[in-house]
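1. prediction below, plus the sequence it came from.
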Amino acid sequence: MKINHTDLEALLKQDLETCNKEHDLQQIKSRYLGKKGHLTNLFSSLKDIPSENRKSYGSELNNLKQILTKLINSKFEELDNNKEKSKRLDLDVPARHHQFGSHHPISLVIRRIEKIFSGFGFETHDGPEIETEHYNFKSLNIPDNHPARDMHDTFYFDSDLLLRTHTSSVQIHAMEHMSAPLRVLAPGRVYRCDSDPTHSPMFHQIEGLCVDTDISFSNLKWLLNDFIYKFFQSKKIKTRFRPSYFPFTEPSAEMDIMFNGKWLEVLGCGMVHPNVLKNVNIDPKKYSGLAFGLGIERFAMLAYQIKDLRVFFENDINFLEQFESLRES
Ligand code: DAH
C-alpha cells in the first residue's frame, strides 16, 4: 500500500495507542523510521517530485520526521514510567483479609480432657495409628480368634499390620517405654469398619492408664467421677458403673451418666489385667493399674449438643466457626 505523507502522523498515533510493550514499540519505530520504513520510502520518492516543488516537500518531510520521532520517543518514556510505577509499592491497596481459623470441637474436647487429667498428674503420650496385631490385640490379652475381635473389625494392610481399633494399644507402648509407676493419657484417631449417623470409620478416643503400687477400683471410681464433674462443670451429674467385660481389664466396667433423664454410656474402664502387666514385664504382684477409654465424639456431642456425628468430619466452615468463642473453655 502506498502511504501518503499526510496520513503518516495519524497512522502512527493509531499504532501507538494500542502499543504497551517496549518490544512492539521498537517494531513500530523501525516500520516508520527504519531503513525500509515509511518515512524513508517517502524521502526516496523526492527524486520523482517536480524540481519546483521538491524543496518545500523536502522540508515538509523533515518536519514530519521530527514529529514522528517525538511521538515515538515520548511513547518510550511513557512505557518506562509505567514500568517504574508498577515496581513501586502502592500503599493505598486495601489489605488482604485473613480469615482466622477456629479450633475444631474435637480438638477443644481433647484439650479440655487433657487439662483435667494433667491436674491428676497424667501426661499425654502418642502412639502409632498403624499398628501390629501384637500391640492392638495380643499384648492386650486379645488372642487370635477371641470373640472380642469381632467388635474391632478393622482395616488390614496385611495379616499383621492394621489401623488401630482403639487407643488401648498406646498402653503397651507407654508401659514398654516408661515402665511403672506411670500415669498417661493417649488421645488419637482410631478406625473401625462402621459407618452410620452414630458411627464413623474413623473416630477419636482418649485412653487413660495409671499403674502404681496400691491402685484400687475405688481410685478408678473416684478419678472418673471427678473427671465427669469437672468436664460438665457440675457436681450434680449422676453417674453409675455397670459390670462389663474387656479382655485387658479385670474387673471391667462401663460408666454411665444421667443425661436428660436417661442413662448414657460414656466410657469403658477397669483394673489392668495381670496378663497385660506381665506382657510388658511389670510385676502384677507389686503393681496394679487402672485404665479407661472414652470416645471423644461422644463427649463433644454431649458438650455441644450435637446430634449427628458426621458433622465433625464434613469440614463445613459455618459449623466449625461456631466454636471459636469456646476456644479457651
Ligand atoms: N478399648 C476399648 C474400646 O475401644 C475401651 C476401653 C475399655 C479402654 C476399657 C480401656 C478400658 O482402657 O479399661 O472399646
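-> Thanks, I have it.
2. pLDDT weak spots in this structure?
-> Within the chain, the stretches with pLDDT under 70 are 1-3, 148-151, 324-329.
3. max-length helix in the chain?
-> helix 51-87 (DSSP state H).
4. got the buried residues for the helix or strand following that one?
-> Sequence-wise, the next helix or strand downstream of helix 51-87 (DSSP states H and E) is helix 105-118. For helix 105-118, a neighbour-count test (16 or more other CB atoms under 10 Å) marks 105-110, 112-114, 116-117 as buried. For glycine as for every other residue, the C-beta is placed from the backbone atoms N, C-alpha and C.
5. can you convert the residues you listed into CSV and add a column each for distance to the ligand?
-> Putting the buried residues of helix 105-118 into CSV (distance: CB to the nearest ligand atom, whole Å) gives the following:
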residue, distance to the ligand
105, 21
106, 17
107, 20
108, 22
109, 17
110, 16
112, 19
113, 14
114, 16
116, 17
117, 13
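6. just give the closest residue to the residue of the stretch 101-250 of the chain found nearest the ligand, not the sequence neighbours.
-> For the stretch 101-250 of the chain and the ligand, the shortest gap (CB to the nearest ligand atom) falls at residue 166, measuring 3.4 Å. Computed as CB to CB, 6 or more residues apart in numbering, the closest residue to residue 166 that is not its neighbour in sequence is residue 190, at 5.4 Å.
7. check the secondary structure at the one you found for me.
-> strand (DSSP: H, G, I helix; E, B strand; the rest coil).
8. can you pull the contacts of it?
-> By CB atoms under 8 Å, 6 or more residues apart in numbering, the contact set of residue 190 is 129, 163-167, 202-205.
9. same check, this time on residue 166
-> 136, 152, 190, 205, 207, 293.
10. could you pull up phi and psi at the residue of the stretch 101-250 of the chain closest to the ligand?
-> Phi and psi for residue 166, reported as degrees, to the nearest 10, are phi -160, psi 160.
11. look up how far residue 82 lies from it.
-> Distance of residue 166 to residue 82, given as CB to CB, to the nearest Å: 65 Å.
12. and of the buried residues of helix 105-118, the nearest to residue 24?
-> residue 107 (56.3 Å; CB to CB).
13. picking that back up, hey, what's the residue nearest to residue 166 bridged with?
-> residue 203 (DSSP bridges).
14. related to what we said a few turns ago, does anything pack onto the longest helix of the chain? Which helices or strands?
-> helix 5-18, helix 22-33, helix 38-44 (3 or more CB pairs under 8 Å, 6 or more residues apart in numbering; DSSP states H and E).
15. next one: that helix to chain centre, how far?
-> 59 Å (CA atoms, centre = their mean, to the nearest Å).
16. list the buried residues in that helix.
-> 57, 61, 64-65, 68, 71-72, 75.
17. could the residues you listed go into CSV alongside distance to residue 121?
-> Listed next are these as CSV, based on distance: CB to CB, whole Å:
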residue, distance to residue 121
57, 105
61, 99
64, 95
65, 94
68, 89
71, 85
72, 83
75, 79
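18. and the residues you listed near the ligand, which?
-> Counting by CB under 6 Å from any ligand atom, nothing from the buried residues of helix 51-87 sits close to the ligand.
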